[in-house]
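>>> Fold the following, please.
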Amino acid sequence: MSRSISFILIIFGTVISFYTNTKGKEYTIFLILGICMLVIGLYRLSKGIPDKTTKHDEYKND
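Prediction:
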C-alpha cells in the first residue's frame, strides 16, 4: 500500500508539473505543488530501498 501511494504521488506530481508548464499562463502554486508531490513520492520510495552491502562489509561483521 505504501509503495502504491508513492507511485501515485510521483505520477500526479509529474503530470501536474508538466501540465502547468504547457499552459500559456503559469500557475506557480500548482507547479510548486507538483514538484513537492514528486519529491515526497521519490523520498518515500527511496526510503524503502536497503543499503548496499559489499563482500568486504560482510566479512567485517563476522
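>>> what residue ranges in this protein score low on pLDDT?
Within the chain, the ranges that satisfy pLDDT under 70 run 24, 26, 54-62.
>>> show me what contacts residue 44?
2, 5-6, 9 (C-beta atoms under 8 Å, 6 or more residues apart in numbering). C-betas here are computed from N, CA, C, even on glycine.
>>> filter those to the buried ones?
6, 9 (16 or more other C-beta atoms under 10 Å).
>>> Tell me where this protein has helices.
In the chain, the segments counted as helices under DSSP state H are 2-22, 28-47, 55-61.
>>> Near the nearest residue to residue 16 once chain neighbours are set aside, how many residues? Count them for me, please.
Distances taken as C-beta to C-beta, 6 or more residues apart in numbering place residue 34 nearest to residue 16, at 3.3 Å, with adjacent residues excluded. Neighbourhood size, residue 34 [other C-beta atoms under 10 Å]: 21.
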